[in-house]
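Trainee: Kindly generate the corresponding structure for this input.
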Amino acid sequence: MEIAEIMMKSAHIPMLGCEHALIAAGALLAAIKNSGEIKITDIQIAEALTRTRKQAIGAYCGLTGICGIAPAIGACFSVILGASCPKDKETATTMIVVSQVIEAIANQTGPCCCKNFVRTALTLSCKLVREYLKITLHCNGKLICSDSDRHPHGCRKEKCRYY
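Mentor: Next up, the predicted model:
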């Protein structure tokens, strides 16, 4: 989570946009790599980011119901597990992870907030990484959003767990 927060604050990242999907994927893979529990290569990171770019398309959250952050997390699990169409458990696990992430994000809409979605997805991903990959990431701590005044559609304020 710290990695994503640094990226969201240090770069010129708009309040809303598909850059957040790349942040989520990059932060999750960096955290897993930094844990040292499994080997994550630069090639794997590049592949997950390439897959994310193909599916994180502006406004698709409202048009199709899939926020690009969900397939970004899925790309991370897919690359790590080696999921592909002919495989069984690896592909099923990736799909289960994506379905849980999209459900968690859906529970945070009204209006959509990419920063909330990154935080929500990564908080859940910590649990999913522990459950499916047997890797422990540290994702504790209270986060307070400092971007509520920037939201173009109006912040959810008290309805947001990060407000």
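
Trainee: in this protein, what spans have low per-residue confidence?
Mentor: For the chain, the stretches flagged by pLDDT under 70 are 11.

Trainee: Contact partners for the residue nearest to residue 102 when sequence neighbours are not counted?
Mentor: With sequence-adjacent residues excluded and distances taken as Cβ to Cβ, 6 or more residues apart in numbering, residue 102 is closest to residue 70, at 4.2 Å. Just so you know, the C-beta spots here come from the backbone N, C-alpha and C atoms, and that holds for glycine as well. Remark: with contacts taken as Cβ atoms under 8 Å, 6 or more residues apart in numbering, residue 70 is in contact with 98, 101-102, 105, 121.

Trainee: Out of the residues you listed, which is nearest to residue 33?
Mentor: Checking those against residue 33 by Cβ to Cβ gives residue 121 as the nearest, at 18.0 Å.

Trainee: any idea which residue of the protein is furthest from its center?
Mentor: Centroid-distance maximum for the chain: residue 86 at 25.4 Å, with Cα atoms, centre = their mean.

Trainee: secondary structure class for that one?
Mentor: Assigned with DSSP: H, G, I helix; E, B strand; the rest coil, residue 86 falls in the coil class.

Trainee: now do residue 14
Mentor: Classification of residue 14 using three-state DSSP returns coil.

Trainee: mind checking how far it is from residue 20?
Mentor: Separation of residue 14 from residue 20 (Cβ to Cβ, to the nearest Å): 9 Å.

Trainee: Look at those two and report which has more neighbours.
Mentor: Between residue 14 and residue 20, residue 20 has the larger neighbour count (other Cβ atoms under 10 Å), namely 28 against 11.

Trainee: Quick one: distance of the helix or strand hosting that one to the chain centre.
Mentor: Using DSSP states H and E, residue 20 maps to helix 19-35. For helix 19-35, the separation from the chain centroid amounts to 8 Å (computed by Cα atoms, centre = their mean, to the nearest Å).
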